[in-house]
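> Task: produce atomic coordinates for the following.
(chains A and B)
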Amino acid sequence: MPSARSSMLERAPQDDRVTEVRPVAFRGAGFMPTAGRASGWIALALVIALWQLAGSAGWVNPLFLPPPSAIAVAIYKLAISGALWQHVSASIVRIGSGWLLGTVAGVIVGFAIGLSTLARGVGITFISALFPIPKIALLPLLILWLGIGEEPKIATIALGVFFSTAISVYSGVDAVPRNLIRMAQSFNVPFHAIVRRVIWPGALPSILAGFRITASVALLLVVSAEMIGAQFGIGAFVLQAGNLMQTDQLLAGVVILSLFGLAVGKAINVLEARLLHWR
Amino acid sequence: MDLIADQISHRFGALDVLDRVSFTVASGEVVAIVGPSGCGKSTLLSILGGLLRPSEGRAELRGAPPAGSLNPLTFVFQDFALLPWCTVEANVEFPLVHTALDAATRRAVVDDALKRTGLSDFRGAYPKQLSGGMRQRVGIARALAVRPAILLMDEPLSALDSQTRELLMEDFIRLLADGAMGAVYVTHNLEEAVRLADRIVVLSRRPGRVRKIVDIPMTRAERGAIDARGRLLALQNDLWSLIREEAIDAEREVQHA
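Numbers count the residues shown, from 1 in each chain, chains lettered A, B, ... in the order given. Modelled structure (predicted):
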């Protein structure tokens, strides 16, 4: 008498569902989006074309939404009149000096908080208390303290940049793997060399990520500060164009701000590619 | 130069980790430290290497370090601890940059260390480009560059696959063959311990106490012979029988933690 097992094996070939050969269904698709450059550019071109069409066909009032061609003409006129450079250079000087001041102070304070128990206790308390304040709210006070010149605008930007930088720097220092620091100590590498050769490069990814944030903070603050009180600068120009219902000029200013932001982003990409090539 | 663990005890807060651990590593001797998980093996190594201050007792050195030794007690880490932003060459040179050696001497020392570890062709590579075994070779080359008297090895093979472990074990045996360097070798792998060590310190479950110190009555050269395998296996079984019950308890404790 055949065993139960052998009788099952004998029956198996007679069952079509068992003998049918079929591929294993693939279940691993998706969840891996890749950024296609071409699709992005095509989408952008389509939106601009549609926008232009809407303006040319009279679907929208050009007073409220001028077509891209009008904005391009406005930028061209601003460029040849010299006004563009006057406004852009005023903003760049403010952003540059404010960002630099805030970054230098933020890096120093961030490293102090990352490396010293005393600085951490004091620094984190102050940063926690002061970081949430919208820095633009301090502009009137800074005008009272520093006068109505460039200083209060630069100081506002510097303050905004400082806090974000300090936080990203001490977070970066905290994120340096402790095993690398212990390794350096185990070879009697002196403190200053551990800071320079282990902690600084280890914290750099976080510091550069912080730069990306502080660049946009600086741009936001320069426009806000210039809208509150400045004769020249992109923020002042945009506000003035709005007041005069010159929407083509207003949007020209917005496009310039966007290009400026893109340029800063690209510059940080280049910095990352050069400094963080080891990742 | 001898390294002495003198009545070392350590606590992390309320947790007793080590309890009056004493033993001596004589010049050129390889001592393995084994014991159940969480018995304080790595803590003990950190204390011996001066990276952790013990709660009680102390680590001591007896005798002068060998001439030219730049860092008598040198660690080889479980996770390699390589600087990811430095090339292989720069990683090996890292502990030398702040010494009194001039650039030409440093280069010669690095070249020698890379040659001894078979890394000469990889000097320009970054750690992320290397396999685990090659990364640990960089860690070993970096340790050799400072001419240590005693290597402090914290589970140096545990992050590697079995074939790479075998290859690196052969490297360790070769590097330690002439007795110029001693080693403290922390491992949970008893096979590694019996193949490499002159003596094995068996620690108890936490708080780690010295349960037994086992001498391996064979030279490392003798252990490579086929007929030595049976004796090594018997030694390994003896060690396992010492540790097994506590290893089971330790594992359950870890799971409940």
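
> all strands for chain B, in order.
B:2-12, B:15-25, B:30-34, B:56-62, B:73-76, B:150-154, B:182-186, B:199-203, B:210-215 (DSSP state E).

> quick one, which of those is nearest to chain A?
Relative to chain A, the nearest member of the strands of chain B by C-beta to the nearest C-beta is strand B:73-76, separated by 4.5 Å. Where C-beta positions appear, they are placed from N, C-alpha and C, glycine not excepted.

> re earlier: would you mind giving the strands of chain B as TSV with mean pLDDT, mean neighbour count and distance to chain A added?
Below are the strands of chain B laid out as TSV (pLDDT from 0 to 100; neighbours: other C-beta atoms under 10 Å in any protein chain shown; distance: least, C-beta to the nearest C-beta, whole Å):
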stretch	mean pLDDT	mean neighbour count	distance to chain A
strand B:2-12	94	18	14
strand B:15-25	94	19	17
strand B:30-34	95	26	17
strand B:56-62	94	14	13
strand B:73-76	95	26	5
strand B:150-154	95	25	8
strand B:182-186	95	25	13
strand B:199-203	94	24	21
strand B:210-215	92	15	24
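
> Dump those strands to CSV, plus distance to A:Met183.
Shown next, in CSV, are the strands of chain B (distance: least, C-beta to C-beta, whole Å):
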stretch, distance to A:Met183
strand B:2-12, 19
strand B:15-25, 21
strand B:30-34, 20
strand B:56-62, 19
strand B:73-76, 7
strand B:150-154, 11
strand B:182-186, 16
strand B:199-203, 24
strand B:210-215, 28
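
> Just give me the longest helix of the chain.
Just so you know, I chose chain A. helix A:83-115 (DSSP state H).

> wait, I meant chain B there
helix B:229-256.

> how far off strand B:30-34 does it point, in degrees?
40 degrees (axes from the mean of the first three to the mean of the last three C-alpha atoms, to 10 degrees).

> Just the buried positions in helix B:229-256, please.
B:231-232, B:235-236, B:238-239, B:242-243, B:246-247, B:250 (16 or more other C-beta atoms under 10 Å in any protein chain shown).

> From those residues, list the ones also adjacent to chain A.
Among those, no residue is within reach of chain A (C-beta under 8 Å from any C-beta of the partner chain).

> and of the residues you listed, the nearest to chain A?
The nearest one, if we look at those relative to chain A and count by C-beta to the nearest C-beta, is B:Ala250, at 23.6 Å.

> Look up how far B:Arg244 lies from the closest one.
11 Å (C-beta to C-beta, to the nearest Å).

> Show me what from chain B comes close to chain A.
B:49-51, B:71, B:73-75, B:77, B:79, B:81, B:83-86, B:94-95, B:97-98, B:126, B:128, B:146.

> Pull the contacting residues for the residue positioned nearest the centre of chain B.
Of all residues in chain B, the one closest to the mean position by C-alpha atoms, centre = their mean is B:Met153, 1.6 Å from it. Listed by C-beta atoms under 8 Å, 6 or more residues apart in numbering or on different chains, the contact partners of B:Met153 are B:75-76, B:183-186.

> how about the helices in the stretch 101-250 of chain B?
Taking DSSP state H, counting those that start in this stretch to define them, one finds helices in the stretch 101-250 of chain B at B:103-116, B:132-145, B:162-175, B:190-196, B:220-223, B:229-256.

> Next: chain A.
A:4-11, A:16-19, A:37-56, A:68-81, A:83-115, A:117-130, A:139-146, A:151-175, A:178-186, A:191-194, A:200-229, A:234-243, A:247-275.

> List the buried residues in the fourth one.
Of the residues in helix A:68-81, those with enough neighbours to count as buried (16+ other C-beta under 10 Å) are A:70-71, A:74-75, A:78.

> Which one of the residues you listed is nearest to chain B?
A:Ile75 (41.8 Å).

> wait, what's in contact with B:Tyr185?
Here B:Tyr185 is in contact with B:30-33, B:151, B:153, B:156, B:192-193, B:196-197 (C-beta under 8 Å, 6+ apart).

> redo that, cut-off 7 Å
B:30, B:32, B:153, B:196-197 (C-beta atoms under 7 Å, 6 or more residues apart in numbering or on different chains).

> related to what we said a few turns ago, out of the buried residues of helix B:229-256, which is nearest to A:Pro62?
B:Ala250 (77.8 Å; C-beta to C-beta).

> which residue sits closest to that closest one, ignoring its sequence neighbours?
Nearest residue to B:Ala250, sequence neighbours excluded (C-beta to C-beta, 6 or more residues apart in numbering or on different chains): B:Pro36, at 3.9 Å.

> got the phi/psi numbers for the one you found?
phi -60, psi 160 (degrees, to the nearest 10).

> Measure how buried it is and give me the count.
25 (other C-beta atoms under 10 Å in any protein chain shown).

> Okay, A:Ile80 and A:Ala74: tell me how far apart.
With distances taken as C-beta to C-beta, A:Ile80 is found 11 Å from A:Ala74.

> so where's chain B uncertain?
B:254-257 (pLDDT under 70).

> Who are the packing partners of the longest helix of chain B?
helix B:190-196, strand B:199-203, strand B:210-215 (3 or more C-beta pairs under 7 Å, 6 or more residues apart in numbering or on different chains; DSSP states H and E).

> can you count the residues close to A:Thr34?
4.

> so who does A:Phe131 touch?
A:Phe131 neighbours (C-beta under 7 Å, 6+ apart): A:163, A:167.

> now the buried residues of helix A:68-81 in JSON lines, with pLDDT and distance to A:Ile143?
Formatted as JSON lines, the buried residues of helix A:68-81 follow (pLDDT from 0 to 100; distance: C-beta to C-beta, whole Å):
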{"residue": "A:Ala70", "pLDDT": "94", "distance to A:Ile143": "36"}
{"residue": "A:Ile71", "pLDDT": "94", "distance to A:Ile143": "33"}
{"residue": "A:Ala74", "pLDDT": "93", "distance to A:Ile143": "31"}
{"residue": "A:Ile75", "pLDDT": "93", "distance to A:Ile143": "31"}
{"residue": "A:Leu78", "pLDDT": "91", "distance to A:Ile143": "28"}
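
> Chain B next: which of those residues are close?
Among the buried residues of helix A:68-81, not one lies near chain B by C-beta under 7 Å from any C-beta of the partner chain.
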